[in-house]
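>>> give the three-dimensional model of this entry:
(4 chains, ligands or ions: 4)
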Amino acid sequence: MSAPAVDLRRITKQFPGVLANDEVDLTVERGSVHALLGENGAGKTTLMNVLYGLYKPTSGTVVVDGEERTFDSPRDAIDAGIGMIHQHFMLVEPMTVTQNVVLGDEPRKWAGLAVDREAAREAVAELADRYGFDVDPEATVGDLSVGERQRIEILKALYRGADILILDEPTAVLTPQEVEELFDVFDELTAAGKTIIFISHKLREAIAAADEVTVLRDGRNVGTVETDAVDDTELAEMMVGREVLFDTEKSPVEAGSIGLAARDLVVEDDRGVRAVDGVDIEVAEGEVFGIAGVDGNGQSELVEAITGLRTPASGQISLDGEDVTDASRRHRIESGMAYVPEDRQARGLVMSYDLTENGLLGSQRAPQFADGGRIRWDDAEAHADSIVEEYDVRPADANAEARSLSGGNQQKFIVGREFARDPEAVVASHPTRGVDVGSVEFIHDRLLDLREDGAAVLLVSSKLDEVRSLSDRLGVMHDGELVDVVDPAAVTEEQLGLLMAGERPDDVPRATVRAGGER
Amino acid sequence: MNPDRLPDPIAGLLGRLVDASAGERLLVSVAALVTAILLGGVVTLVAGVFAECATPIVGPFCYNPLAVYRYLFLAPLFDSFVLQETLKNSALLLFTGLAVAVSFRAGLFNIGTQGQLVLGALAAALVAVWVGPAAPSGPVGGALIAVVAMVAGAVVGGLYAAIPGALKAYADANEVITTIMLNFVASDVAFFLVSAYFQKPGSGSVETRDVPAAARFGPEIALVMAIALTLLITYLLWGTAFGYDLRTAGIQPDAADYAGVDAERMVVTSMTLSGMIGGLGGAVWVLMSVGRWVNGVPSLGFDGITVSVLASNNPLGVLFAGPLFGTMQAGSLSIDFQLGVPRQLVGVIRGLVILLVAMPEFFRTLGVRWGMGGGR
Amino acid sequence: MNAIKRLALLAVSTLAVGAVVLVGQLFPNTPAGELANVLDAGYAASALRLAVPIAFAALGGIFAERSGVINIGLEGLLIVGAFTGVAVAHWTIGEGGVSLGPGVVLLLVIAVLLAVAGAMLGLLGDSLREIAVRGGGGVLAVAVLAGLTVALVGPTLAATWIAFYVAVLVSGAFSLLFAVVTIEYRADQVIAGLAVWLIALGAAPFASNVIWGSVNSPGVDTLGTWTVPLLSELPAVGSVLFDAEPVVYFLLIATPLSWYVLTQTSFGYWVRASGENPKALDTAGVDVRRVRYAAVLISGVFSGIGGAGLSLGRVGNFVGSGTTMVDGRGWIGITAMLFGNYNPFGAFGASLLFAALDALQFRLQQLNYAIPDSLIQTVPYITVIVVLALVGRTRTPDAAGEHYDADED
Amino acid sequence: LGGGGSGAETNVGMVYALGGLGDEAFNDMAHAGIQRAEEELGIAYDNTEPTGQSEFGTFQSQFASSTDPNYDLIGCIGFAQRSALQENASEYPDQNFMLVDAELDADNVASYTFREHEGSFQVGHLAGLLSTREFSHEGTYSGTEKTFSSNPDEKVVGFVGGKENPLIKKFEAGFIAGVEHADSEIEVRTAYAGSWNDPGRGQEIAGSMYDEGADIVYHAAGATGGGVFNAAGERGRLAIGVDSDQSLSSDASHTIVASMVKHVDTAVFNAVQNVVNDEFQGGSTIALGLDDEGVEPVIGTEYEGEIPQDVLDALDSSRQAIQDGEIDVPTEPEN
Ligand SMILES: Nc1ncnc2c1ncn2[C@@H]1O[C@H](COP(=O)(O)OP(=O)(O)OP(=O)(O)O)[C@@H](O)[C@H]1O
Ligand SMILES: Nc1ncnc2c1ncn2[C@@H]1O[C@H](COP(=O)(O)OP(=O)(O)OP(=O)(O)O)[C@@H](O)[C@H]1O
Ligand SMILES: [Mg+2]
Ligand SMILES: [Mg+2]
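Ligands and ions are numbered 1, 2, ... in the order given. Model prediction:
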């Protein structure tokens, strides 16, 4: 048998204060698909960045095709036949598909004085053809869907003659159907002799697409298994290091009158495209209304319209019976709307403010902290202290800058601040993204407390477990429309998958309408 | 620092202002200043080789950097005339530095303080000349005129700044371009207005009539006003919800949106506030420095940018940066006068200060190399 | 969308000018008639000349900013170019005859220094051979250019040309300093650009004062004009395009060349990628740092041509009083760059628009309308504001103003 | 810088106008006056060149308050210094000042003004006379042989101002009147550059005038005016300089048919001489016009002997008429 395509030996990567990889071994056979699993921060991306020459390992050796290598830059890795498709795409949006694919390695003419656009275009078209990709070489990347962009990233790697392809969480942003297509592409590639390593959080995908799975935990290799020989519970245990229960206790709550509603809402995205197309939602007081869907199907725009950050093109939004369609964001805050935003670092926190100042974000004029426009800093600090304590934010220091907190701690602080508003309505967008397991449970419990206190809760999340266990009713969004509203307790994963892809199977368990009852 | 031990409201405010990174920025500013002075010394020495002089200090060197810096920084101490100039410059730079700092804090690159100052100054001069005869005589009347004139200056400066603010907020027009253009427009329009309607009879310059002598005040009063304004703005920015909104909008607009700040209104409001301070500076220039509006207003507005940058847009920093540049500017007359060193040298040194302030990384590297010996 | 609006606006203004000309031809005694009279070949040539420093600053700004480095120090770079050109010309052609030798030596010394700086910054390559070939090649090219110039135009005019080259290199060196500060030491680009302007604004009159005892220089020879035989005889266009100063030709070449480089060459792809998504470029194996250095250097070289073109190309002395003879042209250049949406042709058009309005402005003054001259002088500025308000936002490259760190930590 | 603090008996401080030394015009003329005083009267002097309006007062009081040396006279060059001097004159009542180009009623200030409109009238008259006849001059510009000529087919001449202030309008008004005196059909194109330091723009403005048929352009625009000569040189046309005999210093001397010389040097020299002789004329205004050779048209060095005699005669008679009060030269353009 020939040498393995990739053989990483005792790779250690030390960041200031973080040991991201700790003597990791990894062997990937030529022509195989290898999945890398692990929780957030387990060190997966770091390991692959080492293989791709973006990071130099603190110690350990990289062997490719039986040859020991030191990569000083991605250039060296590319030369060794390695291509990487990053978690965040490395594409230049205003440039065309062809330009992106050939970037850094353009075919030239006239003694190098001009890019041979014709040759480039043909090369790209030919590659796309060979692997069955349907892309327009002249299209501008900024106009393409996420799935298409991903394929361009793959083309980029192939164009550079990559034999080993690394994909960092390639499925996170795809619909189930696109995921299927991607796995078909994997088949094409391995048939052509390419080796594929992909990173994932999703156990079932790994089992479905990979030949072998390696699990990382806390920077260490926990083990490599053949996918034929494991099931998802075993893998989950390997990942987390203990048995995992996917359950949250939820007491039945009497729903009140409608707290939050959107009627026939149409919202456009930044480019003027209809991102939300006629959505009707009614969330009763004391109810959690979940919204599931693949990222990018209008959830963000819907939430922004409801919370007052985006002006809807048409339709109506009401809060506690009041029409707030044209009301300012500030009015909504003052009327008791809490909002855990999706983008915590751009919106939810001011990164250079300390926690005291961040604790005021949105309530800088609330009588609780200010009289007549004058801020009472001692009260603000006490407030921040209480959030820090209650939500176990670390470091437990109200004077720490937000940027010095880890992502999970940032998220906990935001959730704490918003839930502390004693809100009438809560809009929570991915509230547990990047938060550790213990904190997730805490946040879930607090969310349910709010529900019990009679708040109308709109919960958007791409974690299906989360929306299913917390929601009283569950809406599924696809392509800007609310495909259906289902009973989260009764719906199956398969049915959800189909709904998220925009199809409507007949036998879906509809949610009973709970809203509109008397107080 | 631990703000807990100070009385409550002050503690909170100070704690906010002097955070960890403010300390570092202060260090960088001081290091930049010292380095710029060293570099400036080298420039002086080298330039001296090319100059012609009767008595070189040594060898081919005509200019003595030490003497230059003695005059530049210490002249106010022994020369009462230079002291007066220093006080005047400092007061004016406090106003314009503050004006720029407010807009920069709000994330707006207001290059237009100059234009706002020019028109504010004109308004102040005209109003002072106009209400002069109606005001009661004596110091009370003078103070009254001065106050009315300063209000006029602030209002006109604010309104003029509101134009680029509104264009930015509602038409998405880049404020850097509009304010640069409006600077040109302001000086042309002021020139036209004065020469067409308000020309001082018998004067060959384009200038207004003199403001009543009673309305004029010395640099001491201007300084007191400037310092009071600085403290007021500091309080406004760090002690009030409005300031919180303004700073948030400047530092992270998306977060400000999230916090319910009306982004468009904030752009217009903060530009207007900045323009008002600039216009006020113009009024002070008229009442304190020249006693009338005269064509060829000094570039106080641009100098304000450098002051604000050195102060990292912190009003309390402006309190030091303004007088520093004010001293250098007054001292520049002395080096020209006493040493024959062209005073544009001070412009070079100031540029170097700004350049070095912009590169904290450089000093961090130096710090690592010298302080901790050997990097990572 | 924006592009369409822009085009529409350009079309409308062209039509408006056309209409005025037409009405003017038909009714020569109306104000439109007088206005149309003014818009002749001489007017076009004048507008083109006035556009030169503005457009060069704008073109330079495009390269820098498209690569992700905002360069607002263009005004300062123009001043450096304008001053250096005259200073060197005065030194070599000074009072007593031409001394070409020292000029050439100075030119080569500066070229060598630049090559050394490039090598030390690791811009010329990694292997010694690469560095030697590129650095040596650059210096050699400068030497050949100098030699050719001397051979072609004779010693007197060549001395002026050498001064011009020195000015361009010095402005380039100054921009290199800016690049080091912003790229190596991660300085805030806007503030560092401001500093570049302030330093130049102080240094040029300072040096003038030291050298000549006055902020204004004595007169020196200019580069003269180039007349293309035959073509210059063409009606209308002939006198505008084929009987002009060298820098006008340079501009007419630099504009399409810049467009070509940005859109048709690998380097152009890299510049754009570096400004939009440097990480994409880095992961594609291109050194973002080198691309940015090159782009900033181009902005310095272009500004040098613009500045020296103003002083040596036409006026024949340096005026350092007030805002210096550059008098805000660099700022207008930035405006033109934004207005032209970072497109070389757009920037050229915007520069020309501004220059044309300026040229129109002082022609309107001569028509003796009742409008005071100081108000007519505001026409170009107000036009820019109005147009900007109508057209709205320019799309700034995504990564402009941000540092890029390939390294970990 | 002059020889400050030398053992001279008399010390003079000079505060120049904006634009600074090297303008080959106004400031350089004043400088020439003080240099002559240094040579002939043995005085010592110090120069200062303000770069902004607000620096005038500063420099004035800097000299006035100085004790080492003690300045016997402070020369304030330029009308723009008047307002600042008004304050300083009362602030330092024992200090002698001279003010050029503006009047100031104070006992310690000797004011020197010029009747620029009269001199401008004369060069306007010259321009008008030359413009309508065949007139040419063989010379060089920028190293090449060239003919500089009038354009008798077109009745157009031009005037370029720096900034449109009352003083410069005096030049404009006098020039227009002079041209009209020669031939009332001649059109005078006037424009202001809006800047004293933009020769590039000056060149374009003058260029546009020549292209519109002007053959002679007169400037009162400081360093901006350098561009006027270049524009004339490029096109083989004529120009008129200002303040000093600019044909002596300009590279484009073959374009300069004449200059409207304002003898600031005489004023400065006289003032210094008066101080040296203890005859300081504080409180009075000396208005220098054509009669006292305060202003005069001076034919360019390259044009000596080339101006037709009848033109010179006509100039003489118009000067006589002005001196006799038969011609009343306006100080403001009509418009
Ligand atoms: N450049 C860096 N500097 C410092 N620490 C880093 C850096 N990059 C990653 N880390 C840290 O190293 C650890 C591993 O990060 P890595 O990105 O490899 O995780 P991951 O397994 O890819 O996680 P995820 O699933 O969230 O993408 C984390 O604690 C992270 O914070
Ligand atoms: N690219 C980076 N550069 C520098 N420091 C980083 C980087 N990424 C993460 N860190 C720091 O590393 C630490 C861990 O960050 P990270 O967000 O990965 O935490 P985490 O392990 O995911 O924790 P949590 O579970 O709370 O999210 C934090 O202090 C963070 O500031
Ligand atoms: Mg990762
Ligand atoms: Mg004629």
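>>> low-scoring stretches of chain B, by residue?
Within chain B, the stretches with pLDDT under 70 are B:1-21, B:371-376.
>>> briefly note if the lengthiest helix in it comes near chain C.
What stands out as the longest helix in chain B, according to DSSP state H, is helix B:138-171. Yes - Helix B:138-171 reaches chain C (CB under 8 Å from any CB of the partner chain) through B:167, B:171. No exception for glycine: its C-beta is placed from N, CA and C like everyone else's.
>>> chain center to the next helix or strand after that helix, what's the gap?
Remark: after helix B:138-171, the chain's next helix or strand is helix B:175-193, criterion DSSP states H and E. Centroid separation for helix B:175-193 versus its chain: 18 Å, with CA atoms, centre = their mean, to the nearest Å.
>>> flag every buried residue along helix B:175-193.
B:175-193 (16 or more other CB atoms under 10 Å in any protein chain shown).
>>> just the pLDDT at residue 110, thanks.
No chain was given, so I picked chain A. For A:Trp110, the model assigns a pLDDT of 86.
>>> not quite, I wanted chain C
96.
>>> so for it, what's the nearest residue that isn't a sequence neighbour?
In space, and not counting its chain neighbours, C:Ile110 is closest to C:Leu169: 4.9 Å by CB to CB, 6 or more residues apart in numbering or on different chains.
>>> let me know the average pLDDT across the helix or strand containing that neighbour.
Assigned by DSSP H and E, C:Leu169 belongs to helix C:128-179. The predicted model assigns helix C:128-179 a mean pLDDT of 94.
>>> and the next helix or strand along the chain from it with chain D, contact?
Next along the chain after helix C:128-179, taking DSSP H and E as the criterion, comes helix C:189-212. Yes - counting by CB under 8 Å from any CB, chain D is contacted by helix C:189-212 at C:Trp212.
>>> next helix or strand past helix C:189-212?
Downstream of helix C:189-212, the first helix or strand assigned by DSSP H and E is strand C:226-227.
>>> tell me the helices and strands packed up against the next helix-or-strand element following that next one.
Once strand C:226-227 ends, the next helix or strand along the chain (criterion: DSSP H and E) is helix C:237-241. Packing contacts for helix C:237-241, counted by 3 or more CB pairs under 8 Å, 6 or more residues apart in numbering or on different chains; DSSP states H and E, involve helix C:41-66.
>>> what about the helix or strand just after the helix it packs on, average pLDDT?
Using DSSP H and E, the helix or strand that follows helix C:41-66 towards the C-terminus is helix C:74-93. Averaged over helix C:74-93, pLDDT sits at 95.
>>> strands of chain D, residue ranges please.
Ranges of strands in chain D, per DSSP state E, are D:11-15, D:44-48, D:73-77, D:97-100, D:109-114, D:136-141, D:144-149, D:156-161, D:187-192, D:216-220, D:238-243, D:256-262, D:285-288, D:295-299.
>>> let me fix that, I meant to ask about chain B.
Under DSSP E, chain B gives no strands.
>>> would you mind measuring from the spatially most central residue of chain D to D:Glu296?
Of all residues in chain D, the one closest to the mean position by CA atoms, centre = their mean is D:Asp243, 2.1 Å from it. Note on D:Asp243: its distance to D:Glu296, by CB to CB, to the nearest Å, is 12 Å.
>>> which residues do the two both contact?
D:260-261 (CB atoms under 8 Å, 6 or more residues apart in numbering or on different chains).
>>> could I get the contacting residues of the residue nearest to the centre of chain D?
Shown in contact with D:Asp243 (CB under 8 Å, 6+ apart): D:25-26, D:29, D:259-262, D:264.
>>> that one pairs with what?
D:Val261 (DSSP bridges).
>>> anything in stretch A:328-335 near chain B?
Yes - using CB under 8 Å from any CB, stretch A:328-335 reaches chain B at A:328-334.
>>> pLDDT, secondary structure and neighbour count added to these, as a markdown table?
Compiled in a markdown table, the residues of stretch A:328-335 next to chain B are given as follows (pLDDT from 0 to 100; DSSP: H, G, I helix; E, B strand; the rest coil; neighbours: other CB atoms under 10 Å in any protein chain shown):
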| residue | pLDDT | secondary structure | neighbour count |
| --- | --- | --- | --- |
| A:Ser328 | 93 | coil | 14 |
| A:Arg329 | 94 | helix | 24 |
| A:Arg330 | 93 | helix | 17 |
| A:His331 | 94 | helix | 15 |
| A:Arg332 | 95 | helix | 24 |
| A:Ile333 | 94 | helix | 24 |
| A:Glu334 | 92 | helix | 15 |
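>>> export those to JSON lines and tack on distance to D:Asn96?
Listed next are the residues of stretch A:328-335 next to chain B as JSON lines, based on distance: CB to CB, whole Å:
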{"residue": "A:Ser328", "distance to D:Asn96": "69"}
{"residue": "A:Arg329", "distance to D:Asn96": "70"}
{"residue": "A:Arg330", "distance to D:Asn96": "68"}
{"residue": "A:His331", "distance to D:Asn96": "72"}
{"residue": "A:Arg332", "distance to D:Asn96": "75"}
{"residue": "A:Ile333", "distance to D:Asn96": "72"}
{"residue": "A:Glu334", "distance to D:Asn96": "72"}
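>>> and the residues you listed, which is closest to C:Phe250?
Nearest to C:Phe250 among the residues of stretch A:328-335 next to chain B, counting by CB to CB, is A:Arg329 at 52.7 Å.
>>> with just CA atoms, put stretch D:305-312 into CSV.
The C-alpha trace of stretch D:305-312 is given here as CSV (Å, rounded to 0.1, in the frame of the first residue of the first chain):
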residue,chain,number,x,y,z
GLY,D,305,13.8,102.1,-27.4
GLU,D,306,11.2,99.9,-29.1
ILE,D,307,8.1,101.8,-28.0
PRO,D,308,7.0,104.1,-30.8
GLN,D,309,7.6,107.7,-29.9
ASP,D,310,4.0,108.8,-30.5
VAL,D,311,3.0,106.3,-27.8
LEU,D,312,5.5,107.7,-25.4
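>>> avg pLDDT for that stretch?
94.
>>> which parts of that stretch are buried?
D:307, D:311.
>>> what sits up against it?
D:126, D:129-130, D:133, D:135, D:137, D:257, D:299.
>>> where do the helices sit along the stretch 251-400 of chain C?
With DSSP state H, counting those that start in this stretch as the criterion, the stretch 251-400 of chain C has helices at C:266-276, C:278-283, C:288-310, C:329-339, C:344-366, C:373-376, C:379-391.
>>> now render the strands of chain D as a markdown table, adding mean pLDDT.
Below are those laid out as a markdown table (pLDDT from 0 to 100):
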| stretch | mean pLDDT |
| --- | --- |
| strand D:11-15 | 94 |
| strand D:44-48 | 90 |
| strand D:73-77 | 95 |
| strand D:97-100 | 94 |
| strand D:109-114 | 93 |
| strand D:136-141 | 92 |
| strand D:144-149 | 92 |
| strand D:156-161 | 96 |
| strand D:187-192 | 93 |
| strand D:216-220 | 96 |
| strand D:238-243 | 94 |
| strand D:256-262 | 95 |
| strand D:285-288 | 90 |
| strand D:295-299 | 94 |
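>>> among those strands, which is nearest C:Phe354?
When the strands of chain D are compared by CB to CB, strand D:187-192 sits nearest C:Phe354, at 17.9 Å.
>>> can you tell if stretch A:128-143 touches chain C?
No - residues of stretch A:128-143 are not located near chain C by CB under 8 Å from any CB, the shortest gap being 9.7 Å.
>>> returning to that earlier point: among the contacts of D:Asp243, which one has the most neighbours?
Neighbour tally across the contacts of D:Asp243 (other CB atoms under 10 Å in any protein chain shown): the maximum, 32 neighbours, falls on D:Met260.
>>> tell me the centre residue of chain A?
A:Ala172 (6.3 Å).
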